[in-house]
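Novice: please work out how this folds:
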Amino acid sequence: MSQWMERYWLEVIFAGALTGLGILLRRINRKLEEWMREHEALQLGMQALLRDRIIWAYNHYMEKGCCPIYGQENIHAMYAQYKILGGNGAVTKLVEDLEDLPASVGSRGGGNQDQT
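Specialist: Next comes the predicted model:
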């Protein structure tokens with residue numbers, strides 16, 4: 001036995017190291033897949049929250065008949081992140097409609113249009 005160990009010790013060490021590496025890579029892969037599922041769930045959740053807030057803002061400001069500048073800024077900030085997260089075009093129409101609202105009840109024209 002000792003003669004065999006003297007002759008094949010390097011192969012035994014490499015076999016053990018490769019086995020350990022395989023086990024380690026499998027664990028890393030499982031953690032990565034778990035992280036990716038969690039990340040996707042967070043993205044979809046954040047997208048749903050942004051969509052909800054944009055729809056809420058749309059209903060709120062359409063009822064008021066105006067959308068102040070700070071409202072426009074908030075909506076555009078939310079919409080930009082919503083699009084990055086893969087948001088669809090349904091909310092785009094709402095944002096465009098909000099852009100056409102005046103900044104105050106007595107104002108003329110849309111919030112982003114030139115006032116002459």
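
Novice: could you tell me the per-residue confidence at residue 6?
Specialist: pLDDT for residue 6: 74.

Novice: repeat for residue 49
Specialist: So residue 49 comes in at 96 (pLDDT).

Novice: sec struct for it, please.
Specialist: helix (DSSP: H, G, I helix; E, B strand; the rest coil).

Novice: which residues of this structure fall in strands?
Specialist: Using DSSP state E, the chain contains no strands.

Novice: low-confidence ranges, it, go.
Specialist: Along the chain, the parts satisfying pLDDT under 70 run over 1, 106-116.

Novice: what about the helices in it?
Specialist: Counting by DSSP state H, the chain has helices at residues 2-64, 69-84, 90-99.

Novice: give the other helices and strands that the longest one contacts.
Specialist: Contacts of helix 2-64 with other secondary structure elements, assessed using 3 or more Cβ pairs under 8 Å, 6 or more residues apart in numbering; DSSP states H and E, are made with helix 69-84, helix 90-99. Glycine gets a C-beta too; all of them are placed from N, C-alpha and C.

Novice: over to the second one?
Specialist: If contacts are counted by 3+ Cβ pairs under 8 Å, 6+ apart, helix 69-84 sits against helix 2-64, helix 90-99.
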